[in-house]
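K.L.:
sequence-free structure coming up:
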């Protein structure tokens, strides 16, 4: 049996309940990236101030959209999206029949991770196989890529490296938190960044998450305090110390 299943991920299915109901149009006005084009994409749902609440991947399944999200956050994300649904006839619920899979090598049904090709391949399939969560976590952190509420929550979206990781579109039109996000980009005022650091070099006052088993932590640090030589290539290109 393959070791590809990410057991700490879940699928939310957004499905039209009436003919003509536009699920993509509904989500387009809420999230940071453009769901009108090719999928999958990486995106987030923000607060009105532009801070991260939930990050996820958006997949297409016919007229439905599938959100590959953190399992522990799935119910909260569904509730939040339901608040914005108002009278639209769109069903929003977990789909326990679909699992999220990951591997480093290409597979016929997979897609390169839209954030960074080196992250490997993701695909959706049956809920079967051995858990790959530990291998995925180690690989993700080795590349310096943060995700999930524990690492991202309450941080301005651009400070999570959203531009460098293809998690935002500046041409898609309005979405929740768009005004502050667009202003920060236009003014080039991204003063802090999430970075993966050795745990013994981590600043407890700036730490978002720690992984003692890997000797790593996620810190939220001032750009002025970063040493570009210690950053991964994808992040170094977008960080210019003050």
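P.N.:
Alright, I've got the coordinates. As the structure is a computational prediction, the values presented were derived from the model and not from experiment. Residues are numbered from 1 along each chain as shown.
K.L.:
where does the chain dip in pLDDT?
P.N.:
Low-confidence regions of the chain, defined by pLDDT under 70, span residues 1, 240-242.
K.L.:
what are the ranges of the strands in it?
P.N.:
For the chain, the strands defined by DSSP state E occupy 3-5, 9-16, 41-46, 52-61, 64-70, 90-94, 98-103, 111-112, 121-126, 130-131, 192-198, 207-211, 216-222.
K.L.:
got a list of what residue 49 touches?
P.N.:
Residues near residue 49 by CB atoms under 8 Å, 6 or more residues apart in numbering: 156, 177, 180. No exception for glycine: its C-beta is placed from N, CA and C like everyone else's.
K.L.:
so the residue nearest the centre of the chain bridges to which residues?
P.N.:
With distances taken as CA atoms, centre = their mean, the residue of the chain nearest its centroid is residue 55 (3.6 Å). Using DSSP bridges, the bridge partners assigned to residue 55 are residue 44.
K.L.:
doesn't residue 152 make contact with it?
P.N.:
Yes - counting by CB atoms under 8 Å, residue 55 touches residue 152, with 5.8 Å between them.
K.L.:
list residues touching both of the two?
P.N.:
What both residue 55 and residue 152 touch, as defined by CB under 8 Å, 6+ apart, is the set 44, 160.
K.L.:
thinking again about what came up before, okay if I get the strands of the chain as JSON lines plus distance to residue 32?
P.N.:
Formatted as JSON lines, those follow (distance: least, CB to CB, whole Å):
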{"stretch": "strand 3-5", "distance to residue 32": "27"}
{"stretch": "strand 9-16", "distance to residue 32": "16"}
{"stretch": "strand 41-46", "distance to residue 32": "5"}
{"stretch": "strand 52-61", "distance to residue 32": "9"}
{"stretch": "strand 64-70", "distance to residue 32": "13"}
{"stretch": "strand 90-94", "distance to residue 32": "18"}
{"stretch": "strand 98-103", "distance to residue 32": "20"}
{"stretch": "strand 111-112", "distance to residue 32": "19"}
{"stretch": "strand 121-126", "distance to residue 32": "19"}
{"stretch": "strand 130-131", "distance to residue 32": "29"}
{"stretch": "strand 192-198", "distance to residue 32": "16"}
{"stretch": "strand 207-211", "distance to residue 32": "19"}
{"stretch": "strand 216-222", "distance to residue 32": "19"}
